[in-house]
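Q: kindly return the folded structure for what I paste below:
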Amino acid sequence: MPATQEFSDEFRQRAVRMVLDGRPEAGGQLDAIERVADQLAVAPQALQLWVEQAGAKETSESSNATPPAEPDTYEEGLLLVQRGELGKAETLWRTAAEAGNTDAATGLGRLLVQRGELAEAEAWWRTAAKTGNIDAANYLGLLLVQRGDLAEAETWWRSTAEAGNITAATVLGVLLVQRGELDEAETWWRSAAHAGNTTAAFNLGLLLKRRGDFDGAARWSRAAAEAGNTDAANNLGLVLEERGELDEAVAWYRTAADAGHATAAYNLGLLLKRRGEHDEAATWYRTAAAAGNVSAANNLAVLLEQRGEHDEAATWYRTAADAGNSNAAYNLGVLLARRGELDEARAWYRTAADAGHTTAANNLRILLGLERS
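A: Modelled structure (predicted):
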């Protein structure tokens with residue numbers, strides 16, 4: 001009797017793969033087994049057993065596999081909020097929060113704040129913060145600041161900042177600046193900026209500019225501006241302008257202005273006017289004025305008046321004067337007086353004089369004196 005032939009596991013696995021791959025061409029599994037058995041010189045019954053064993057193993061492994069993870073409760077709630085199903089989100093988060101889920105408690109607090117239920121929001125955030133939820137601690141700090149409890153807000157933000165949270169480090173810096181503790185504010189902002197927080201980088205740039213460190217201010221303002229922060233782009237323009245780097249200042253002002261930053265558009269207009277580029281200056285003044293910048297409206301009117309466009313100049317002077325700009329009120333008075341509209345000129349001189357504009361007060365006295373004579 002011939003000895004029983006032994007086959008390696010690798011051989012058996014290759015044979016099974018050949019059967020499975022050959023089923024479509026052979027027209028079925030049995031025909032594929034016959035064909036492969038003949039090719040490999042093995043008994044068809046043995047090959048069929050190997051195929052059946054491989055199928056049983058695959059089924060067993062599939063049934064014993066780790067079941068898919070349950071959807072995260074907090075994430076489920078966020079999806080509901082995005083769909084506008086706030087009631088369902090609240091129910092889901094409240095149930096989870098009552099069972100100890102701190103992320104759900106944090107989300108629930110945000111929903112409650114939107115409804116104006118600050119006391120309950122505070123309670124949930126405080127509970128979550130005490131168990132180490134950093135987001136809850138940050139939100140709690142913001143709520144405490146809004147009601148003037150700065151000391152406790154600082155306590156929460158400091159604890160989360162010391163745990164490495166860069167958002168907390170950034171808002172802690174703001175609180176410290178308000179108290180005049182600039183050195184520590186700089187430390188926290190520098191830490192957060194190095195970690196990539198663009199708001200911290202922007203704030204640090206402002207602080208360093210205020211302290212006369214223009215190189216440092218330019219570095220951090222540039223970092224935030226290159227990350228898309230338009231306030232930082234405007235601040236970088238200011239720093240560069242002070243350093244005499246006017247071409248690059250124009251470029252950064254323009255970047256921010258193109259993104260809708262009205263103050264940058266105004267600053268760009270100022271710089272262009274200084275360089276004698278009055279037409280483009282007027283364009284940017286107009287952009288800023290249309291966005292509500294009253295100084296830009298007054299400056300635009302000055303340029304328009306110089307170009308002889310008196311009617312539009314009067315319109316922009318009036319816009320700025322109505323918004324409380326005393327220079328615009330004075331300028332409008334001068335323009336109206338030149339046009340012989342003395343009654344309205346007197347009214348605008350008086351408005352400017354009441355706001356402390358000494359030249360307007362003098363012009364008003366002259367105008368009143370002429371009327372009396």
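Q: where does this protein dip in pLDDT?
A: 1-8, 10-11, 24-31, 39-42, 44-45, 52, 55-71, 370-373 (pLDDT under 70).
Q: according to the record, where do the domains of it fall?
A: The chain breaks down into these domains under automatic domain parsing: 9-50, 84-163.
Q: quick check: end-to-end length of the longest one?
A: In terms of C-alpha to C-alpha, to the nearest Å, the two terminal residues of domain 84-163 are separated by 34 Å.
Q: tell me the most buried of the domains of the chain?
A: Each of the domains of the chain was scored by mean neighbour count; the highest is domain 84-163, a mean of 19, by mean count of other C-beta atoms under 10 Å. C-betas here are computed from N, CA, C, even on glycine.
Q: could I have stretch 240-253 exported to PDB, CA atoms only?
A: C-alpha atoms of stretch 240-253 as PDB (Å, rounded to 0.1, in the frame of the first residue of the first chain):
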ATOM      1  CA  LEU A 240       6.100  97.000   7.300                       C
ATOM      2  CA  GLU A 241       4.900 100.500   6.600                       C
ATOM      3  CA  GLU A 242       6.500 101.700   9.800                       C
ATOM      4  CA  ARG A 243       9.800 100.000   8.800                       C
ATOM      5  CA  GLY A 244       9.600 101.700   5.400                       C
ATOM      6  CA  GLU A 245       9.000  98.500   3.400                       C
ATOM      7  CA  LEU A 246       6.200 100.100   1.500                       C
ATOM      8  CA  ASP A 247       5.900  97.800  -1.500                       C
ATOM      9  CA  GLU A 248       5.400  94.800   0.800                       C
ATOM     10  CA  ALA A 249       3.100  96.800   3.000                       C
ATOM     11  CA  VAL A 250       0.900  97.500   0.000                       C
ATOM     12  CA  ALA A 251       0.900  93.800  -1.000                       C
ATOM     13  CA  TRP A 252      -0.300  92.700   2.500                       C
ATOM     14  CA  TYR A 253      -2.900  95.500   2.700                       C
END
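Q: so for it, what gets flagged as buried?
A: 240-241, 248-250, 252-253 (16 or more other C-beta atoms under 10 Å).
Q: quick one: it to chain centroid distance?
A: The chain centroid and the centroid of stretch 240-253 are separated by 25 Å under C-alpha atoms, centre = their mean, to the nearest Å.
Q: could you do stretch 149-162 as well?
A: The answer for stretch 149-162 is 22 Å, by C-alpha atoms, centre = their mean.
Q: same deal with stretch 287-304?
A: With C-alpha atoms, centre = their mean, you get 28 Å for stretch 287-304.
Q: dump the C-alpha coordinates for that stretch into PDB.
A: Listed next in PDB are the C-alpha coordinates belonging to stretch 287-304 (Å, rounded to 0.1, in the frame of the first residue of the first chain):
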ATOM      1  CA  THR A 287     -14.400 100.200  -0.900                       C
ATOM      2  CA  ALA A 288     -13.700 101.000   2.800                       C
ATOM      3  CA  ALA A 289     -16.400 103.700   3.000                       C
ATOM      4  CA  ALA A 290     -19.000 101.400   1.400                       C
ATOM      5  CA  ALA A 291     -18.200  98.900   4.200                       C
ATOM      6  CA  GLY A 292     -18.900 101.600   6.800                       C
ATOM      7  CA  ASN A 293     -15.400 103.100   7.500                       C
ATOM      8  CA  VAL A 294     -16.200 106.800   8.200                       C
ATOM      9  CA  SER A 295     -12.600 108.000   8.000                       C
ATOM     10  CA  ALA A 296     -12.400 106.500   4.500                       C
ATOM     11  CA  ALA A 297     -15.700 108.300   3.600                       C
ATOM     12  CA  ASN A 298     -14.200 111.600   4.600                       C
ATOM     13  CA  ASN A 299     -10.900 111.000   2.800                       C
ATOM     14  CA  LEU A 300     -12.700 109.900  -0.300                       C
ATOM     15  CA  ALA A 301     -14.700 113.100  -0.200                       C
ATOM     16  CA  VAL A 302     -11.500 115.100   0.100                       C
ATOM     17  CA  LEU A 303     -10.100 113.500  -3.100                       C
ATOM     18  CA  LEU A 304     -13.400 113.900  -4.900                       C
END
